[in-house]
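> here is the input, now give the coordinates:
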Amino acid sequence: MKDRRLYPKSTTISKFHDFLLFLLFEAVIIKNMTKKYLADGFLRALGVSLYCFAVGLFIWKASNFFGSSPQFFGPIVFLLLFIVSALICAAIVFYTPYVLFTKNKKQDAIDLVIVTTFLLFFILCVILLLVLLF
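Numbers count the residues shown, from 1 in each chain. So this is what the prediction gives:
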């Protein structure tokens, strides 16, 4: 039983912290994921996060590059960027699991996708927590 003096009664941060620890326990301890999958999944999740950061920075500063007046090609470029981004993120996350799956290492492929998804969600939660705190 945990000491309630460490956590104030109904703070959102402590509940969020408990939820993240529970997810980490579920994915790492119970599922017995190897360190190789954790490292590989973390690198893939970090790659997707950094790519999303770069695209977000580009969209944020796009008016400096192209001007602020809306033009005909603006929506077209945005949709093409969206489609290319989906393809790049899919390649980052799913290429190695695809290779593993074709080599009949199906469980390894599934484990890698699960770990990558969990760690990408974890990075999202950390970023959201940082935004809320600062």
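
> and for Lys106, nearest residue in space, chain neighbours not counted?
Once flanking residues are discounted, Lys106 sits nearest to Leu100: 7.6 Å by Cβ to Cβ, 6 or more residues apart in numbering. Quick note: C-beta positions are derived from backbone N, CA and C, even for glycine.

> enumerate every residue touching the spatially most central residue of the chain.
Centroid check for the chain by Cα atoms, centre = their mean gives Leu120 as the closest residue, at 2.3 Å. Contacts for Leu120 were tallied using Cβ atoms under 8 Å, 6 or more residues apart in numbering; they are Arg44, Ala45, Val48, Ser49, Val93.

> name the helix or strand for the last one, please.
Secondary structure here is read from DSSP states H and E; on that basis Val93 sits in helix 73-102.

> kindly report the same for the third one.
Under the criterion of DSSP H and E, Val48 resides in helix 35-60.

> gap between the helix holding Val93 and the chain center?
14 Å (Cα atoms, centre = their mean, to the nearest Å).

> cool, stretch 44-62 as well?
11 Å.

> for burial, what's the neighbour tally of Tyr37?
20 (other Cβ atoms under 10 Å).

> make residue 1 into 47 and carry on from there
Will do, 47 is the new start, and the previous item becomes Tyr83.

> now it: how far from Asn150?
Taking Cβ to Cβ, to the nearest Å as the measure, Tyr83 falls 17 Å from Asn150.

> with Cys135 instead?
Note on Cys135: its distance to Asn150, by Cβ to Cβ, is 26 Å.
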